[in-house]
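model this:
(2 chains)
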Amino acid sequence: ETGVTQSPTHLIKTRGQQVTLRCSSQSGHNTVSWYQQALGQGPQFIFQYYREEENGRGNFPPRFSGLQFPNYSSELNVNALELDDSALYLCASSLPNTNPLFFGEGSRLTVL
Amino acid sequence: RKEVEQDPGPFNVPEGATVAFNCTYSNSASQSFFWYRQDCRKEPKLLMSVYSSGNEDGRFTAQLNRASQYISLLIRDSKLSDSATYLCVVKGDQGGKLIFGQGTELSVKP
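So this is what the prediction gives:
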């Protein structure tokens, strides 16, 4: 498999709550990208982290934030959850500017 | 206009059929192109990269037309196991950002 692991696999939250999703990258990969995939849509780029710094961001509001740790694992945090945040959140790790990306199995978030 | 646009689905075909998916992209500076496959409620998985000269992997053939900003995927001799959503993907100019199309659902019937 890809060597990228995500947790939790499924979770349910209510509007206004906060959520943290986690991603362990493949050994040696110092770049982590996060994507959001709503039902019936393709994945949308949220942001990318390289060596603990944000290195590119998509069209997502500031309540979507992230972290990358020295071991290159990463977190995605979403504050003030909205119903439309219900989606599959995908993480991919890579070396910088390498193609293509290989994804973890994702975290499926449901906001009620 | 969406950055990557795909044929609307779903495509329902019998086993053994040949099916073609089309995709257009808006950024003429795009350099890398891929087809991903996504099974229901699973993560997208790389099917194949798309090269300028066109490339083939078994029953799958990918073509790229840079002048028309058009990508295609041809599946010959469809199998039941080919049933999935096929995502056209273009690498953006922002680092490793991938831009996905909406996806086209394929259902292969016996």
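
for chain B, give me its nearest residue in chain A.
residue A:42 (3.2 Å; CB to the nearest CB). Using the backbone N, CA and C atoms, a C-beta is placed for each residue, glycine as well.

flag the helix or strand of chain A with the lowest per-element mean pLDDT.
Lowest by mean pLDDT, DSSP states H and E among the helices and strands of chain A is strand A:102-103, with a mean of 88.

packing partners for that strand?
strand A:87-94, strand B:45-50 (3 or more CB pairs under 8 Å, 6 or more residues apart in numbering or on different chains; DSSP states H and E).

show residues contacting stretch B:51-58.
Residues outside stretch B:51-58 that contact it (CB atoms under 8 Å, 6 or more residues apart in numbering or on different chains): B:48, B:49, B:61, B:62, B:63, B:64, B:66.

give me the residue from chain B nearest chain A.
Closest point on chain B to chain A, by CB to the nearest CB, is residue B:100, at 3.2 Å.

what sits closest to the residue of chain A closest to chain B if chain neighbours are left out?
In space, and not counting its chain neighbours, residue A:42 is closest to residue B:100: 3.2 Å by CB to CB, 6 or more residues apart in numbering or on different chains.

who touches residue B:74 in this structure?
So residue B:74 contacts B:18, B:19, B:20, B:21, B:60, B:61, B:62, B:63 (CB under 8 Å, 6+ apart).

any idea which element it lies in?
strand B:70-75 (DSSP states H and E).

what about residue B:40, neighbour count?
Per other CB atoms under 10 Å in any protein chain shown, the neighbour tally for residue B:40 reads 8.

what's the pLDDT at it?
What the model reports as pLDDT for residue B:40 is 92.

what do you get for residue A:97?
Model confidence at residue A:97, expressed as pLDDT, equals 69.

verify the contact between the residue of chain A closest to chain B and residue B:105 for me.
No - here residue A:42 lies out of contact with residue B:105, judged by CB atoms under 8 Å, at a distance of 12.0 Å.

of these two, which one has the most company?
Set side by side, residue A:42 and residue B:105 show more neighbours around residue A:42, with 23 against 17, by other CB under 10 Å.

ok, now which ones touch the more buried one?
Counted by CB under 8 Å, 6+ apart, residue A:42 has contacts B:4, B:87, B:100, B:101, B:102, B:103.

now intersect the residues you listed with the strands, please.
Judged by DSSP state E, the contacts of residue A:42 include B:4, B:87, B:100 as members of strands.

now for the closest residue to the second one other than its chain neighbours, how many residues are close by?
Setting aside the residues directly before and after it, residue B:87 is nearest to residue B:36 in space (CB to CB, 6+ apart), at 4.3 Å. Here the count is done by other CB under 10 Å, and residue B:36 has 25 residues near it.
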